[in-house]
Structures are given as C-alpha cells and as structure tokens.
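Student: Give the three-dimensional model of this entry:
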Amino acid sequence: MKKHNFSAGPSILPRVAVENAAKAVLDLNGIGLSVLEISHRTKDFEEVLDEAVALFKELLHIPEGYSVLFLGGGASMQFCMVPFNLLEKKAGYINTGVWAKKAMKEAKLFGEVETVASSEDRNFSYIPKGYAIPSDLDYLHITTNNTIFGTEYKTDIDSPVTLVADMSSDILSRPVDVSKYGLIYGGAQKNLGPAGVTFVIVRDDILGKVSRAIPSMLDYRTHVAGGSMFNTPPVFPIYVVRETLRWLKSIGGVPAVQKLNEEKAAILYDEIDRNPMFVGTAQREDRSLMNVCFVYSDEYKDMDTAEFVNFAKERGMVGIKGHRLVGGFRASIYNAMPKESVQALVDCMREFEKQYAK
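Tutor: Next comes the predicted model:
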C-alpha cells in the first residue's frame, strides 16, 4: 500500500533527495566512503556545504551583507541564541502559539520581553493584525507558521525595528523579502531535510551590539567567521539539505513551489468546507498552506477522533492526528508533499462521509 506522509515533522522529503542520500550513505561520489564517515574538513564535504549555502542564497535572493549558517540544536536553541546575541534591554514578541511562547520564555532570561500582540484569546486561531510596534525594541520576533494551530503569515510585515522570524515550518514555501529581516532561523525537518540541522540567515551588521559576554558556541559571530565549521557540523543532514535545495531549484524554485502549495491547500480546504463532517480551526484568511488543521463539525463532535484517524490509516494516510492542544486532525502538506497525496486524503474524507454522515 502506498503511504501518504502527512506528519508535522520530521516530515516528508523529496523522493530524489532521499534516494541520493541513501546512495551517499553507501558511497559518496564514488570515493569509497560513506557520507556518514567522511571528515567535515575534506573537499568532498566542503563542496556540499558551499553549494548548500549558495543555493539557499540563490533561491531566497538573499542580499549581500547576510550570512547563511547551518548549526545544531534545533530551533529551540535559537530561542536562547537570538536574545543572547540581540537583546540588550527590551524585545517584542508576537504570541501566536506554542513555539512563540517557548521563544518568549527563553528571551525573558536576558531582558525585558513585551508581548506586542497575541491571538491567545481565541486559542491562536488567527494572526494578530493592526498592532503598533514600539520603536524602543531591540528586535521584534514572529513565528511565521504555526504547526500546531494551522495559521500562517502570508506576507512579510514591515517593522521599524530589527525583525526576527522563526520560519521552521514554511521556509522556502513562498517568496520572502529577506531584506526586511535581521535574522531568520528554523529547524530543517519540515521543508529542508532531516532533523539535526538548523538554518540561520543573519544580517551581519546586527551582531556584536550587546554588552554581555557570549560563549563562543552561542555567538553567531563565531559561526559566521568559521563558515558553520567552528565545530563539527551535522554533515549528513546538511547533505540532505543540499539535495532538497537542488530539487527545489529543478522544479522552478520558490515561485513554482508556492503555486503548488496553494493548489494543494485549496484542494484540501475546499473539501473541509464542503464536507458536513469536518470544519477548519483557523480563521480563513490566516489558514496555513503548510499545516491544515480541522476537527469534526458540531453535528459530529461526539465521534471519536480515532475513528477517522484509523479509517485514514487503513488507506495509507500517516500522521494526520491533530496536536493535543487543538485535537481533531492535522495534515501537514509541506513542499515535498505531492498533490496526489492531498487528493488521496480528500478521497478518504469523502469515503468516510459516505459511510458515517447522518
């Protein structure tokens, strides 16, 4: 049976990236060694890292004056690295869910944190709008896509202060004006590669401004100077990132994948809106193109979530159970998710309707 991987992360990867990575595990470029056992100081890996950085810059049109880093520790490490490097007196955060709150918690260890706006009043079902950004902030932090609640920023906001964004789950899914951001970061395990590597895009001139001493490994300047090789980098995950970026370029880059993402999301949201058994949880204008969250409609709210989860699982759907804070169901349809898998889920929902609708 064909499997359709809707997992929120680690998640689906382009098939060609998986196949090339599998070959490299056995033998990298015919050198007789596995990518898992080569030194990060060899020419073979340096070429991989250099190409990954170059492709990232090309696909996102990253301007001069920015560095691209590949680090360890996940986005959760960035929750503390960002304020460690940038927070002198006060930072602002937009609270749009679990990951924003985790980032805020870490920032409070380094200085004052102001909640500039929040959607907690409606269980994070929308993206806040119409708020004023104080000019005395060291930076403003946003989480551009919310995997748990299924909301997403659709455009780049304008900020009078340095803008920092956690783009773990929607990086390279739409064009981004990088020049509007001081720093962009995220875990790779949604749209870029396997778990184990974190990307950071940082404007060099915002670094070195805080008065505190920063440990070497937590100082962005260390990794900029070392070209992401101050210590041993996550070699294999970076290799898979390089293969994923090659795939993305081959299909037409970010504009092409944005069009595909919009088409996939429309197919699934249209079915959710049509099907009397289901209802979306996010405000329509803020619905994520990456994580589609839905629950049973009021008429069917007494049904056990497991009924549809198991029904879908029997038909090859993997990872559609919703997060416990929202319940219901979640279909993560990242860049590598083929349209055919989304249609298979829609067909499954229609079959479920035929069997269980009143």
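Student: okay, CA-based contacts and neighbour counts for the rest of this
Tutor: OK.
Student: in the stretch 251-358 of the chain, which spans are helices?
Tutor: With DSSP state H, counting those that start in this stretch applied, the stretch 251-358 of the chain shows helices at 253-274, 305-313, 339-356, listed in chain order.
Student: Mind exporting the C-alpha coordinates of the longest one to PDB?
Tutor: As requested, the backbone C-alpha atoms of helix 253-274 are provided in PDB (Å, rounded to 0.1, in the frame of the first residue of the first chain):
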ATOM      1  CA  GLY A 253      12.300  27.400  -7.400                       C
ATOM      2  CA  VAL A 254      10.300  29.200  -4.700                       C
ATOM      3  CA  PRO A 255       7.600  30.700  -7.000                       C
ATOM      4  CA  ALA A 256       6.900  27.300  -8.600                       C
ATOM      5  CA  VAL A 257       6.600  25.600  -5.200                       C
ATOM      6  CA  GLN A 258       4.400  28.400  -3.800                       C
ATOM      7  CA  LYS A 259       1.900  27.800  -6.700                       C
ATOM      8  CA  LEU A 260       1.900  24.100  -6.000                       C
ATOM      9  CA  ASN A 261       1.400  24.700  -2.300                       C
ATOM     10  CA  GLU A 262      -1.500  27.000  -2.900                       C
ATOM     11  CA  GLU A 263      -3.100  24.400  -5.200                       C
ATOM     12  CA  LYS A 264      -2.700  21.600  -2.700                       C
ATOM     13  CA  ALA A 265      -4.100  23.700   0.200                       C
ATOM     14  CA  ALA A 266      -7.100  24.800  -1.900                       C
ATOM     15  CA  ILE A 267      -7.900  21.100  -2.700                       C
ATOM     16  CA  LEU A 268      -7.900  20.200   1.000                       C
ATOM     17  CA  TYR A 269      -9.600  23.300   2.400                       C
ATOM     18  CA  ASP A 270     -12.300  23.100  -0.200                       C
ATOM     19  CA  GLU A 271     -13.100  19.600   0.900                       C
ATOM     20  CA  ILE A 272     -13.100  20.600   4.600                       C
ATOM     21  CA  ASP A 273     -15.500  23.500   3.800                       C
ATOM     22  CA  ARG A 274     -17.700  21.200   1.700                       C
END
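Student: Go ahead and name everything in contact with it.
Tutor: Helix 253-274 is contacted from outside by 59-60, 172-175, 248, 251, 278-280, 289-290, 292, 294, 333-335, 339, 342-343, 345-346, using CA atoms under 8 Å, 6 or more residues apart in numbering.
Student: What residues sit buried inside it?
Tutor: 253-254, 256-258, 260-261, 264-265, 268-269, 271-272 (16 or more other CA atoms under 10 Å).
Student: Report the angle between that helix and helix 339-356.
Tutor: The directions of helix 253-274 and helix 339-356 differ by 10 degrees, with axes from the mean of the first three to the mean of the last three CA atoms, to 10 degrees as the criterion.
Student: and Val113, what does it touch?
Tutor: 90-93, 104, 107.
Student: Among these, which lie within strands?
Tutor: In strands, defined here by DSSP state E, the members of those are 90-93.
Student: Neighbour count added to the residues you listed, as a markdown table?
Tutor: Shown next, in a markdown table, are the ones in strands among the contacts of Val113 (neighbours: other CA atoms under 10 Å):
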| residue | neighbour count |
| --- | --- |
| Lys90 | 19 |
| Ala91 | 27 |
| Gly92 | 26 |
| Tyr93 | 24 |
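Student: Can you tell me which of those residues lies closest to Ala213?
Tutor: If you rank the ones in strands among the contacts of Val113 by distance to Ala213 using CA to CA, Lys90 comes first, at 17.5 Å.
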